[in-house]
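Peer 1: Turn this into a model:
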Amino acid sequence: EACIFENVAVDFSKAPVKSNMRSFEPGFLQASCGPGRHKSIPLPPGSLLSANPLPRCDIVEDKPSFFMSHDLIFNLGHTISDFWIVFITLRALDLDPGIFQFINMDAIRGNGPAGRGSKITYAGHPDHISPFFETYSKWFGQGVTRAIDFKSKTVCFKKAVFQAKPGPAHIWTSLEAGKNQTTERCALEKGHSSLLRDYNSFNRQKWGLIPANSVSVPASTAGLPSITLIVRKGDNMRVFANEGDVIAALQDIPGAGDLRTVDFSAIPYSEQIQLVHNTSLLIGMHGAALFHLLTMNLGSPRCCGVIELYHKRWSQSAAVPTVSNMARFLGVEYAVLRSKEIETVEEIRKRGKGTFVDAPALRELAIKAVIALAEK
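Peer 2: Numbering: from 1, shown residues only. Now for the predicted structure:
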């Protein structure tokens, strides 16, 4: 469900922020429409629809505006889930983002996988623009702004679009079961999804990685599949307890090109995008960083593959197969390696030494992947 309005008034004084909460009072959004026309419209909170004229406006905004709020966690997985919501809203309503400005407004969504209700995403900083929001500056031609910057003014928008209602975890639920879900219903032969592949090419075009109206460009790996290993620092279970063994296992893979070892938390988001786009085989522990597979250079020679390593907690349970389904829908080679360790969550936290990876088994999977990619 998504809202698209013409000639509406948004009274930002009726969306006050107190501590880490935002409330929406009646009259936040006011639109004029005839009797009964509003019944099928999924309305933002605080909406009032009537046949009465709009209130006086402090500002008249001529630029079409896209309102969106985000989940309560700023990590790559949750944020790409939000990118996905924006993208399918644009596609469903056939909107050109080049003529829109993007307005970030916490809590208007109402829920998300990391939280419910009216919490703002980043306590003390309403409508905070995270580093990942650079994506929106690439997508939207009229810039990115924050709702809080309108202060207590009433703004008349000639055209305003409100995000599709995401539900608790939109990209995860639409990729989770793989049956009768958004992406599955739009799948092509061999299980590939035209919708997800469209997202991939759209995003890469906006980042300037491929020319407009293009699908791919040749990979820059001198004819050999390149490998990128994602590492993490700290003491949680997504860290490699035997990082040295893991790196050694991936060196000198027959037929492979460069091996890169990278901690994404240590480099800018724009560099992450560029690095993944020039990667043939992406390897990492289950987690947000593997959502980068959505930026891989689909359609190019030697592209692409993912090896997902399950940390010891997920290895003991039926983990949500989001990464595997994304790979399948994109047409990307996929393999998974589970940890053999058996520990309770409490033991994991107490020991705090990360997850041991079966390095020889990982090397075998990498060799198989490189052979498969060399034939593409």
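
Peer 1: Show the low-confidence segments of this protein, by residue range.
Peer 2: 1-3, 32-43, 46, 49-53, 74, 110-117, 164-191, 215-222, 312-320, 341-352 (pLDDT under 70).

Peer 1: At which residues are the helices of it located?
Peer 2: Taking DSSP state H, the helices of the chain run over residues 76-92, 134-139, 170-176, 182-185, 194-206, 243-249, 269-277, 312-315, 322-330, 345-351, 359-374.

Peer 1: Break down the stretch 151-300 of the chain into its strands, ranges please.
Peer 2: 154-162, 227-230, 259-262, 281-285 (DSSP state E, counting those that start in this stretch).

Peer 1: Just name the most buried of the ones you listed.
Peer 2: Of all the strands of the stretch 151-300 of the chain, strand 281-285 has the most neighbours on average by mean count of other C-beta atoms under 10 Å, namely a mean of 26. Heads up, the C-betas are built off the backbone N, CA and C, glycines and all.

Peer 1: Show me the contact partners of it.
Peer 2: 225-232, 238-240, 250, 256, 276, 290, 292-293, 296, 304-311, 355, 362, 366, 369-370, 373 (C-beta atoms under 8 Å, 6 or more residues apart in numbering).

Peer 1: Can you list the strands that that strand pairs with?
Peer 2: strand 227-230 (parallel), strand 305-310 (parallel) (DSSP bridges).

Peer 1: Make JSON lines out of those and add distance to Met326.
Peer 2: JSON lines is the format used below for the strands paired with strand 281-285 (distance: least, C-beta to C-beta, whole Å):
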{"stretch": "strand 227-230", "distance to Met326": "15"}
{"stretch": "strand 305-310", "distance to Met326": "9"}
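
Peer 1: Compare those strands and report which one is nearest to Trp207.
Peer 2: strand 227-230 (17.3 Å; C-beta to C-beta).

Peer 1: related to what we said a few turns ago, among the helices of the chain, which comes closest to Leu337?
Peer 2: Between the helices of the chain, helix 359-374 lies closest to Leu337; by C-beta to C-beta that is 5.8 Å.

Peer 1: Buried residues, that closest one. List them.
Peer 2: 359, 362-363, 365-366, 369-370, 373-374 (16 or more other C-beta atoms under 10 Å).

Peer 1: Which strands and helices lie in contact with it?
Peer 2: helix 243-249, strand 281-285, strand 305-310, strand 333-338 (3 or more C-beta pairs under 8 Å, 6 or more residues apart in numbering; DSSP states H and E).

Peer 1: Between those, which one is closest to Tyr136.
Peer 2: So among the helices and strands packed on helix 359-374, strand 281-285 is nearest, using C-beta to C-beta, at 24.0 Å.

Peer 1: Using PDB, write out every CA atom in the closest one.
Peer 2: Extracted in PDB, the C-alpha atoms of strand 281-285 (Å, rounded to 0.1, in the frame of the first residue of the first chain):
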ATOM      1  CA  LEU A 281      33.000 -14.200  -5.500                       C
ATOM      2  CA  LEU A 282      31.800 -12.600  -2.200                       C
ATOM      3  CA  ILE A 283      32.500 -14.600   1.000                       C
ATOM      4  CA  GLY A 284      31.400 -13.600   4.500                       C
ATOM      5  CA  MET A 285      29.700 -14.500   7.700                       C
END
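
Peer 1: Can you give the distance from that strand to the centre of its chain?
Peer 2: Computed by C-alpha atoms, centre = their mean, to the nearest Å, the chain-centroid distance of strand 281-285 equals 17 Å.

Peer 1: let's number from 18 now, not from 1
Peer 2: With 18 as the first residue, the last one maps to strand 298-302.

Peer 1: If anything else comes up later, I'll come back, but that's it for now.
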